[in-house]
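Trainee: just the structure for this:
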Amino acid sequence: MPGLYFEDFSVGQRLTSVGRTITESDIMLFAGLTGDYNQLHTDAEFARTTQFGQRIAHGLLGLSIAVGLLMRTGVLEGTALAFREIIEWKFIKPVFIGDTLHVEMEAKELKAIPRLGAGLAQVALEVKNQNQETVMRGTLAVLVASKPQP
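Mentor: Below is the predicted model of the structure:
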């Protein structure tokens, strides 16, 4: 199923993604990919001595997974042209190994850009864990293709 074109979006439109459980492998692969081997993420013994009491996922891993969960909804499948901007993003609570995250999206602002054959959609994302606690939230700007002209 193709994603929504820019004209198919409406301000206030909402959707919720499926869930995804964070694993130790996710954290270690992200550390390897980014080079961020901070002990808080990769050293169980060190992490036990912190206020978290255990390893936590990288904040940017959580953000990356949130974008992936948004894409899994299919809403932007084949119609997203560019991820343009992180307008704001706040990391609220830690994400632990075993947490299951899902994303709740709301279209906040839409701006047509006819010269590009597209529009800019500002979408607010709220990332929640299995306990419905918000662990991070923010607003992203995505360039979305306009409907093809007949």
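Trainee: please report how far the residue at minimal distance from the centre of the chain lies from Ser17.
Mentor: Nearest to the geometric centre of the chain sits Ala66, at 2.2 Å (CA atoms, centre = their mean). Taking CB to CB, to the nearest Å as the criterion, Ala66 is separated from Ser17 by 9 Å. In this view, the C-beta of every residue, glycine as well, is placed from N, C-alpha and C.
Trainee: not counting sequence-adjacent ones, nearest residue to Leu4?
Mentor: Distance criterion CB to CB, 6 or more residues apart in numbering; nearest residue to Leu4, sequence neighbours excluded, is Val75 at 5.4 Å.
Trainee: nope, Arg48 is what I was after
Mentor: Per CB to CB, 6+ apart, closest to Arg48 is Gln54, 6.6 Å.
Trainee: kindly report the same for Gln122.
Mentor: Glu109 (4.1 Å).
Trainee: and what of Ala107?
Mentor: With CB to CB, 6+ apart, the residue lying closest to Ala107 is Gln13, at 4.4 Å.
Trainee: neighbours of the one you found, how many?
Mentor: 16 (other CB atoms under 10 Å).
Trainee: contacting residues around the lengthiest helix in the chain?
Mentor: Identified as the longest helix of the chain according to DSSP state H is helix 59-72. Residues outside helix 59-72 that contact it (CB atoms under 8 Å, 6 or more residues apart in numbering) are 17-18, 20, 22, 26-27, 30, 34, 76-77, 80, 83, 86, 89, 91, 95, 101-103, 105, 123, 125, 127, 135-136, 138, 140.
Trainee: if we go to 7 Å?
Mentor: 17-18, 20, 26-27, 30, 89, 91, 95, 101-103, 105, 125, 127, 135-136 (CB atoms under 7 Å, 6 or more residues apart in numbering).
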